[in-house]
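A.B. asks: give me a model of this one.
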Amino acid sequence: ITQKLPFSKKKLPVKVILSYLFDYVIILHMIPSKSHATSYPNRLHADIATTSILIAAFTAIDAVEPFHQEFSLRNYTLQYKYAVHERIPVPELVVLVCFVPAVVIAIYTLVIDGIFSHQPSVPGSGFRRKLAGRYRFKDRLWELNCGILGLFLSVGAAFTVTGALKNAIGKPRPDLIDRCQPNVMQDPTPWGLVNHTVCTQTDNHILKDGFRSFPSGHSSTAFAGLFYLSIYLAAKLHVLDSKGEVWKSFIVIIPSLGASLIAGSRIMDARHHPFDVLSGSALGMLVAWGSYRQYFPPVSETWRKGRAYPIRAWGKEPQAPPADLRPDESIEPLRRAPAPMDVEARDGAYSTSRVTPEEHGGNVFRQQISETQRRREGSGLGSSEANLPPTNPFSSRNQGTTLNDGYWESSSEEEESYELNPQYTLT
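C.D. replies: All right, here's what the predicted structure looks like:
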């Protein structure tokens, strides 16, 4: 096994390469396909005998007779017509949930990755440099490797878990009675339950597939592939960077919408009950999230730019990212709030001046008002905001002091004007 790969400058230990090779072996055996190819260069995509054995094992498990639940011939939820032609057959499903996301990941990784990194362009860079982004081709190959690994892991795990649950539970499909073609003369209890022995269907595959309703395989596989693509794009486009760019959200929603339409087609074809579709969709989303997190950091950590985890290494302690990379990239540095002049002036006035009843005819309240007016005229605080009381919640200075503990930030540099009298009227 070669120890130097195109996406690594250094020679990698054999155990590291074997670990990723083992990932491909496990993932590929879970996807029911006759031919498989990996994205690993330099002979890592060679035919593996173990993979063929695992594929054969999966085919054998899929051929196992599922459990047959009892059912009632008078259950109207099982009396739908059997649709010979499905709206989305299995071959089209594989193309939509495997190949389409893989192509999108490859195009984004190799062509436009880095454009949405919110980083200033390199001086003197031309159009090709701007279109190609800011990452090296070696880095792109590694991103492609991790993106494809996560996609195939998601689809393969969803297909395997769904197939195991289908065979173990054996829930009847909505079109079971039409598949079964029962002999009504053999119904021993008209209002009771019967089993599959009353069926006269000669095609065992059609009858066997009639007891695989829960959970929906199309729904789980569709969300495993397309919801994974939504998470991938959400991280690459920095949807959670608090910039509020709506067009990015629409792009992220499109794959999930496609998965929802695929899941809805199973109800239209009477292949699954609504609960089966919802359960399969939830299973697919859970598997997609878990598979994405195997190779990529959380989407909420926008400072990571949606980049994959580095190459595996053993014997090293995990290190936290640098402190300067932890804050959210969308939050501007906080600024110190300006000194609350009203509060300072008020505190200074009350600490230095003392009003006596003998002044101003013994009216203490009038004396306080006069001193406040003279102090404000002398300090130049004649604006309307200066005349507001210190506890006014609409004062930006006081609000920054009380709510943000000495820090403040503003989305606009314009100050609001308050229609209040600029001075008190003495009577």
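A.B. asks: mind checking how far Cys146 is from Thr302?
C.D. replies: The gap separating Cys146 from Thr302 is 18 Å, by CB to CB, to the nearest Å. Bear in mind the C-beta positions are built from the backbone N, C-alpha and C, glycine included.
A.B. asks: neighbour-wise, which of those two wins?
C.D. replies: More crowded of Cys146 and Thr302, by other CB atoms under 10 Å: Cys146, with 25 against 20.
A.B. asks: those helices in this protein, which residues are they?
C.D. replies: Assigned by DSSP state H, the chain shows helices spanning 14-30, 49-62, 90-94, 100-107, 127-132, 137-169, 176-180, 204-209, 217-236, 246-268, 274-295, 341-352, 364-379, 396-403.
A.B. asks: in stretch 138-155, what counts as buried?
C.D. replies: By neighbour count with 16 or more other CB atoms under 10 Å, stretch 138-155 contains the buried residues 139-155.
A.B. asks: how about the contacts made by Gln294?
C.D. replies: Each residue near Gln294 by CB atoms under 8 Å, 6 or more residues apart in numbering is listed here: Leu149, Gly150, Leu153.
A.B. asks: reformat the residues you listed as a markdown table; add distance to Ile105 and pLDDT.
C.D. replies: Listed next are the contacts of Gln294 as a markdown table, based on distance: CB to CB, whole Å; pLDDT from 0 to 100:
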| residue | distance to Ile105 | pLDDT |
| --- | --- | --- |
| Leu149 | 10 | 89 |
| Gly150 | 9 | 91 |
| Leu153 | 13 | 89 |
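A.B. asks: dump these to TSV, plus distance to Val64.
C.D. replies: Shown next, in TSV, are these (distance: CB to CB, whole Å):
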residue	distance to Val64
Leu149	29
Gly150	29
Leu153	24
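A.B. asks: out of those, which is nearest to Phe227?
C.D. replies: For the contacts of Gln294, the residue nearest Phe227 by CB to CB is Gly150; the value is 11.9 Å.
A.B. asks: for Phe214, which non-adjacent residue is closest in space?
C.D. replies: Using CB to CB, 6 or more residues apart in numbering and skipping the chain neighbours, the partner closest in space to Phe214 is Lys171 (4.0 Å).
A.B. asks: likewise for Ala157?
C.D. replies: Val287 (5.0 Å).
A.B. asks: surely the one you found is in contact with Ser219?
C.D. replies: No - assessed by CB atoms under 8 Å, Val287 is found out of contact with Ser219, at 11.7 Å.
A.B. asks: more neighbours: which of these two?
C.D. replies: Ser219 (30 against 27).
A.B. asks: okay, that one and Tyr309: tell me how far apart.
C.D. replies: Taking CB to CB, one finds Ser219 at 29 Å from Tyr309.
A.B. asks: try Pro101
C.D. replies: 20 Å.
A.B. asks: looking at these two, which one has more neighbours?
C.D. replies: Pro101 (26 against 13).
A.B. asks: hmm, the more buried one is touching Ala224, no?
C.D. replies: No - judged on CB under 8 Å, Pro101 makes no contact with Ala224 at a distance of 9.9 Å.
A.B. asks: what about the residue lying closest to Trp191 once chain neighbours are set aside, how many neighbours?
C.D. replies: Spatial nearest neighbour of Trp191, excluding adjacent residues (CB to CB, 6+ apart): Arg74 at 7.2 Å. Counted by other CB under 10 Å, the residues lying close to Arg74 total 12.
A.B. asks: then Asp209?
C.D. replies: Residues near Asp209, counting by other CB under 10 Å, number 16.
A.B. asks: just Ala234 next, same as before
C.D. replies: 20.
A.B. asks: residues contacting the residue lying closest to it once chain neighbours are set aside?
C.D. replies: Nearest non-adjacent residue to Ala234, counting by CB to CB, 6+ apart: Val252, 4.7 Å away. The contact partners of Val252, by CB under 8 Å, 6+ apart, come to Ser230, Leu233, Ala234, Leu237, Val239.
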